[in-house]
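Participant: coordinates only, sequence not included:
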């Protein structure tokens, strides 16, 4: 069966520090991968999605970036965090084409920038 | 591009009462529709989905939703709620040509005794 792992679960970082959040998927190949952010009291905002290795689409301009170095690995990064980057970050994957049924979410990372 | 509107940010309801959480969407193309539930500090769990076929879909935990294309709605219902249904509920839509989900802002369901 397929599983998605996301870590760390919680993170407290000072303003201006770098960020690296990692997400890996097991049990499937060539998935679509997604990063979402959920700010306090708000819905989920799509940040990035990827349809293949090295292919990243950005939905919202910001100081975050994403990379997909391997088929089932998706990394969210920042060189210098801002206070406004605080939030709950969720990684997700889905199949594509005729196999598409839904998106599957990780357990999330609670990021607090102080 | 599509968008999703969840008409109620908070819905308080008594235990064993029925509930309806409203969701409307806009899109120029055909879409897939979803309801997800989120418990505190956790990821999202799929409640139910509409991909094609019957417009009345049944999901987990006794929830169901009806796709109404003419009204562009996908309201979530449960005939009798439990305390354990207290959570955040998200309606989401994706287009056939792409699979990224666009979410509504969520509805907080609070079930009290």
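Facilitator: Looks like it came in fine. Quick caveat, the model's predicted, so the values are computed rather than measured.
Participant: can we go C-alpha only for contacts and neighbour counts from here?
Facilitator: Noted.
Participant: contacting residues around the nearest residue to residue B:106 once chain neighbours are set aside?
Facilitator: The spatially closest residue to residue B:106, leaving aside those adjacent along the chain, is residue B:90, at 4.6 Å (Cα to Cα, 6 or more residues apart in numbering or on different chains). The neighbours of residue B:90, taking Cα atoms under 8 Å, 6 or more residues apart in numbering or on different chains as the test, are A:43, B:35-38, B:103-107.
Participant: what are the pairing partners of the helix or strand hosting residue A:33, and which direction each?
Facilitator: Using DSSP states H and E, residue A:33 maps to strand A:32-38. Note on strand A:32-38: by DSSP bridges, its sheet partners are strand A:44-52 (antiparallel), strand A:87-94 (antiparallel).
Participant: quick one: the longest one to chain centroid distance?
Facilitator: Pointing back at strand A:44-52 there. Remark: strand A:44-52 is offset 7 Å from the chain centroid, using Cα atoms, centre = their mean, to the nearest Å.
Participant: who touches it?
Facilitator: The set of residues that contact strand A:44-52 without belonging to it, under Cα under 8 Å, 6+ apart, is A:30-38, A:56-60, A:66, A:68, A:71, B:100-105.
Participant: filter those down to the buried ones, PyMOL style.
Facilitator: For the buried members of those, the matching PyMOL selection, counting by 16 or more other Cα atoms under 10 Å in any protein chain shown, is:
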select buried, (chain A and resi 30+31+32+33+34+35+36+37+38+56+66+68+71) or (chain B and resi 100+101+102+103+104+105)
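Participant: who does residue 57 bridge with?
Facilitator: Chain wasn't specified; assuming chain A. The residues paired with residue A:57 through beta bridges, assigned by DSSP bridges, are residue A:49.
Participant: actually it's chain B I care about, not the one you picked
Facilitator: Beta bridges link residue B:57 to residue B:65, judged by DSSP bridges.
Participant: how about low-confidence regions in chain A?
Facilitator: Applying pLDDT under 70 to chain A flags the ranges A:41, A:61, A:98.
Participant: so which residues on it come close to chain B?
Facilitator: Among all residues of chain A, those adjacent to chain B (criterion: Cα under 8 Å from any Cα of the partner chain) are A:32, A:34, A:42-46, A:49, A:90, A:94, A:96, A:101-108, A:110.
Participant: and which of the contacts of residue B:90 is nearest residue B:54?
Facilitator: The closest of the contacts of residue B:90 to residue B:54 turns out to be residue B:35 (Cα to Cα; 16.1 Å).
Participant: buried deepest among the strands paired with strand A:32-38, which one?
Facilitator: Greatest average neighbour count among the strands paired with strand A:32-38 goes to strand A:87-94 (a mean of 26), per mean count of other Cα atoms under 10 Å in any protein chain shown.
Participant: ok, the closest residue to residue A:10 other than its chain neighbours - contacts?
Facilitator: If the residues on either side of it in the chain are set aside, residue A:10 comes closest to residue A:110, at 4.6 Å by Cα to Cα, 6+ apart. Taking Cα under 8 Å, 6+ apart, we find residue A:110 in contact with A:9-11, A:86-89, B:41.
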